[in-house]
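Visitor: Curious how this folds, go ahead:
(2 chains)
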Amino acid sequence: DAKTTQPNSMESNEEEPVHLPCNHSTISGTDYIHWYRQLPSQGPEYVIHGLTSNVNNRMASLAIAEDRKSSTLILHRATLRDAAVYYCILRGGSGSARQLTFGSGTQLTVLP
Amino acid sequence: NAGVMQNPRHLVRRRGQEARLRCSPMKGHSHVYWYRQLPEEGLKFMVYLQKENIIDESGMPKERFSAEFPKEGPSILRIQQVVRGDSAAYFCASSTGTGNTGELFFGEGSRLTVL
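Guide: Model (predicted):
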């Protein structure tokens, strides 16, 4: 699987937007960009995914660069509950449901 | 619809004993994945199973570890003759297997402590 690069840690103030970057310069045309997060002492949870177009859901937005070599997860209004490790993952393959390969992610700290 | 259920949530074993971790996928899900997370480290893929088949076990240690997902019942990750280095959180995830867009749903994990 192609690799992703994320900052080790980021801080945000509560109720402010957060932009979590991810670089994936070796992404292939069939790779989807997935984001998961892991809250302390919990299993990972799905946040959002996309291929080429920007995506929005109730949790977050995903902005994908035109060349697809980078993407940004946007939390519009951070809360203390959003403090977690955020993982940017490329998922490709021949159509089979392959596993996710987690990197080290970005530890997001939300300050009150 | 209940989520992915893992049990036990906490398991303590002495060196040399066996550990069995169970995972019941979400209803309708036929794909199960096991991950291990060592203390202060990231999640490492271990094995991917469909009903009665191991699809990818490239992350599974060659010795002492085995996994199954029978036609009926939960998926089981079995660790024989546990050692202290096996102490970790073991997470199970399930999916419907809809290609590379499908979401993986994770359980709360089973935390194994080897004394």
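
Visitor: burial count for B:V83?
Guide: Residues lying near B:V83 (other C-beta atoms under 10 Å in any protein chain shown) number 12. Using the backbone N, CA and C atoms, a C-beta is placed for each residue, glycine as well.

Visitor: I'd guessed it sits against B:V114; true?
Guide: Yes - B:V83 is in contact with B:V114 according to C-beta atoms under 8 Å; the separation is 6.4 Å.

Visitor: Would you map the helices across chain B?
Guide: Assigned by DSSP state H, the helices in chain B number zero.

Visitor: Excluding sequence neighbours, find me the nearest residue to the spatially most central residue of chain B.
Guide: Residue closest to the average C-alpha location in chain B (C-alpha atoms, centre = their mean): B:W34, at 3.5 Å. Counting by C-beta to C-beta, 6 or more residues apart in numbering or on different chains, B:M46 is the residue found nearest to B:W34 once chain neighbours are left out, at 4.4 Å.

Visitor: Neighbours of the one you found, how many?
Guide: Neighbours of B:M46 using other C-beta under 10 Å come to 22.

Visitor: Show me the shaky parts of chain B.
Guide: Within chain B, the segments meeting pLDDT under 70 span B:1, B:98-100.

Visitor: Flag every residue of it that's near chain A.
Guide: B:4, B:31, B:33, B:35, B:42-45, B:48, B:55-56, B:91, B:93, B:95-109 (C-beta under 8 Å from any C-beta of the partner chain).

Visitor: Which one of the residues in chain B is closest to chain A?
Guide: Nearest residue of chain B to chain A (C-beta to the nearest C-beta) works out as B:F106 at 3.3 Å.
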